[in-house]
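J.: how would this look folded up:
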Amino acid sequence: MSQQDMIAAIVKEVLSELNGGNGLASTPKANGSKLCYKTDYPLSEKRPELVKTATGKSLDDITLDAIVTGAITADEIRITPQTLEYQAQIAESISRPQLASNMRRAGELTKVPDARMLEIYNALRPNRSTKAELQAIADELENQYGAKVCANFVREAADVYEARDVLK
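T.: This is a model prediction of the structure:
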């Protein structure tokens, strides 16, 4: 196997692990049932039709050449809310509701730009923000990005920080 073939195989394996979604809100099974660990995991092997880039390309479309030529970009292979929803359904199928909730919260945050996410992370550290600043972040998450669950967590953090006297 040539070095280029090995790199291509590694890229394909990494992308398979990411289980990129197609961004659609519909359920993946024709009968409307949810995904199950035994029959659907890992998605890239058992349900490859569900594994898509953010722009709808399949795993077969993701090659080293496509990456080198720019036909596939890093932004295009980021995980999507739908992929995280699929992972949440799989987690629920093995009685892991907390993991499923985490996957859904992560899905909410996929719309937040990386730079803004880092700013929010830093703002949530103790003694970094006022209560009003945290409430503004919560409003932004909810209204601009549709991240209602995450917004409620930030509001809760603001109340806890106030009670513990760790606001700026």
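J.: can I see the domain layout of the protein?
T.: For the chain, the domain assignment from automatic domain parsing gives the residue ranges 1-110, 111-168.
J.: Can you lay out those as TSV showing mean pLDDT and mean neighbour count?
T.: Where you see a C-beta, it was placed from the backbone N, CA and C, and this is true even at glycine. Shown next, in TSV, are the domains of the chain (pLDDT from 0 to 100; neighbours: other Cβ atoms under 10 Å):
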stretch	mean pLDDT	mean neighbour count
domain 1-110	78	16
domain 111-168	97	15
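J.: all helices for the chain, in order.
T.: 3-18, 37-40, 43-46, 64-69, 81-93, 97-109, 114-123, 131-145, 148-163 (DSSP state H).
J.: Relative to residue 54, which of those helices is closest?
T.: helix 81-93 (9.5 Å; Cβ to Cβ).
J.: Report the backbone C-alpha coordinates of the closest one in PDB.
T.: The C-alpha trace of helix 81-93 is given here as PDB (Å, rounded to 0.1, in the frame of the first residue of the first chain):
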ATOM      1  CA  PRO A  81     -27.200  18.300  14.400                       C
ATOM      2  CA  GLN A  82     -28.800  15.300  12.600                       C
ATOM      3  CA  THR A  83     -25.800  13.100  13.200                       C
ATOM      4  CA  LEU A  84     -25.800  14.000  16.900                       C
ATOM      5  CA  GLU A  85     -29.500  13.200  17.000                       C
ATOM      6  CA  TYR A  86     -28.800   9.800  15.500                       C
ATOM      7  CA  GLN A  87     -26.200   9.200  18.100                       C
ATOM      8  CA  ALA A  88     -28.600  10.300  20.800                       C
ATOM      9  CA  GLN A  89     -31.200   7.800  19.500                       C
ATOM     10  CA  ILE A  90     -28.500   5.100  19.700                       C
ATOM     11  CA  ALA A  91     -27.600   6.100  23.200                       C
ATOM     12  CA  GLU A  92     -31.200   5.900  24.300                       C
ATOM     13  CA  SER A  93     -31.500   2.400  22.800                       C
END
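J.: Would you tell me which of the helices of the chain gets closest to residue 52?
T.: helix 81-93 (8.4 Å).
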